[in-house]
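Colleague: Predicted coordinates and the sequence they were generated for:
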Amino acid sequence: MMRYILFLLFSLISLYAQANTTKVVLKPYLADSANNTGIAVIVCPGGSYSWLDMKTEGEGVAEWLQSHGINAYVLKYRVATVAAYITGFRVLGIGHKYPDMLEDVEAALEYVYKHAQEDGVDTKKIGVMGFSAGGHLCMSSYLYNRTVYKPVFLCPVYPVVSMSHPDYTHRRSRRGALGVWRQWNKTMRDSLSLEKHITPDCPPVFLVNCQDDPIVKYQNSELLDSALTANQIPHIYIQYETGGHGFGASESKGTSESQQWKQTFLQWILNLNQ
């Protein structure tokens, strides 16, 4: 009887979570007209493709960008949901899987392009920034994008990169993206391993992570850096010794070392879009 009650409870939680993450939201943080650079960044929070850190890696990042004259758009994209991830209820078809989140970032890019004039955005200055699993989605927004609305720069921060490497894969994100069954499909795992799909037409990339990252192994970024270098993609890769994971643009999370990424990014993005 107790097992039945628990099963029913988890089912209700999963259904509730599903209902509350199905709605895709793109929230704009537009720069003041007086200091608007014309740059636009779609911000993809992380959360292992199972939840979203909307506060630190969403709102906090957008407010920081906005304060520096950069138009930010925080994307609440579809994910598996915590309940679906924990219980495995996606076996029953509950919970979002790839390519749902890719479709969401594609739609976000289309929106920003189509509303560029009214938002004070230059269509030659639209890019995507993502954190952790959102960093994987950030890179996917170009590599797997099936539309004409492409980002012109990318900024993955402590990103999930490989879905197939035996030692470096962040398995929680892989399961969140692919689901209970597809996580074991070698073709699917390889197809979403970013380091295997960088092409010579990839836009400029700003990549940053920390050696002491306890969540996503730092070698993920090294794999991406190597692939970008091999394809001669203009990019900057910064690897800090300390900072951990999940610091976003916060002044209180990470370390004084890792917090330097923000100023370096601002210099890079302004030089890139002169």
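Modeller: It's in. Residues are numbered from 1 along each chain as shown.
Colleague: switch to C-alpha atoms for all contacts and neighbour counts from now on
Modeller: OK.
Colleague: The closest residue to Thr81 other than its chain neighbours - how many residues pack around it?
Modeller: Distances taken as C-alpha to C-alpha, 6 or more residues apart in numbering put Ser50 closest to Thr81, at 4.7 Å, once the chain neighbours are dropped. By the measure other C-alpha atoms under 10 Å, the count of residues near Ser50 is 26.
Colleague: show me what contacts Ser50?
Modeller: Contacts of Ser50 were listed using C-alpha atoms under 8 Å, 6 or more residues apart in numbering, and they are Val79, Ala80, Thr81, Val82, Tyr85, Ser173, Gly176, Ala177.
Colleague: Can you give me the neighbour number for Val205?
Modeller: 24.
Colleague: Might you report the residue contacts of Ser250?
Modeller: Thr56, Gly60, Val61, Gln259.
Colleague: run the last query once more with 7 Å
Modeller: With contact set as C-alpha atoms under 7 Å, 6 or more residues apart in numbering, Ser250 has these partners: Thr56, Gly60.
Colleague: from what I can see, it looks like it's in a helix, true?
Modeller: No. Assessed with DSSP: H, G, I helix; E, B strand; the rest coil, Ser250 is coil; it does not lie in a helix.
Colleague: I'd like to know how far it sits from Val24.
Modeller: For Ser250, the distance to Val24 equals 25 Å [C-alpha to C-alpha, to the nearest Å].
Colleague: ok so, going back, can you tell me which of the contacts of Ser50 end up in strands?
Modeller: With DSSP state E as the criterion, strands contain none of those.
Colleague: Those residues in helices, which ones?
Modeller: Val82, Tyr85, Ser173, Gly176, Ala177 (DSSP state H).
Colleague: Tell me the one of those nearest Phe206?
Modeller: Proximity of the ones in helices among the contacts of Ser50 to Phe206 was ranked by C-alpha to C-alpha; the top entry is Ser173 with 21.5 Å.
Colleague: what ranges of the stretch 1-150 of the chain fall below the confidence cut-off?
Modeller: 1-22, 83-94 (pLDDT under 70).
Colleague: show me where it has helices.
Modeller: Secondary structure of the stretch 1-150 of the chain (DSSP state H, counting those that start in this stretch): helices at 2-21, 60-67, 82-87, 100-114, 116-119, 133-143.
Colleague: Packing partners of the next helix or strand after the last one?
Modeller: Spelled out, it's helix 133-143. Toward the C-terminus, helix 133-143 is succeeded by strand 154-157 as the next helix or strand (DSSP states H and E). With contacts taken as 3 or more C-alpha pairs under 7 Å, 6 or more residues apart in numbering; DSSP states H and E, strand 154-157 sits against strand 126-131, helix 133-143, strand 205-210.
Colleague: 6 Å instead?
Modeller: strand 126-131, strand 205-210 (3 or more C-alpha pairs under 6 Å, 6 or more residues apart in numbering; DSSP states H and E).
Colleague: So which of those strands is nearest Tyr29?
Modeller: Evaluated with C-alpha to C-alpha, these place strand 126-131 nearest to Tyr29, the distance being 14.1 Å.
Colleague: partners of that closest one, with directions?
Modeller: Here strand 126-131 is paired, per DSSP bridges, with strand 40-44 (parallel), strand 154-157 (parallel).
Colleague: for the closest residue to Pro151 other than its chain neighbours, which residues make a bridge with it?
Modeller: Leaving out its chain neighbours, the residue that sits closest to Pro151 by C-alpha to C-alpha, 6+ apart is Gly127, at 4.5 Å. Beta-bridge partners for Gly127, by DSSP bridges, are Val41.
Colleague: what's Gly127 in contact with, if anything?
Modeller: Residues near Gly127 by C-alpha atoms under 6 Å, 6 or more residues apart in numbering: Val41, Pro151, Val152, Phe153, Leu154.
Colleague: Out of the residues you listed, flag the one nearest to Asp190.
Modeller: Nearest to Asp190, judged by C-alpha to C-alpha, of these is Leu154 at 21.3 Å.
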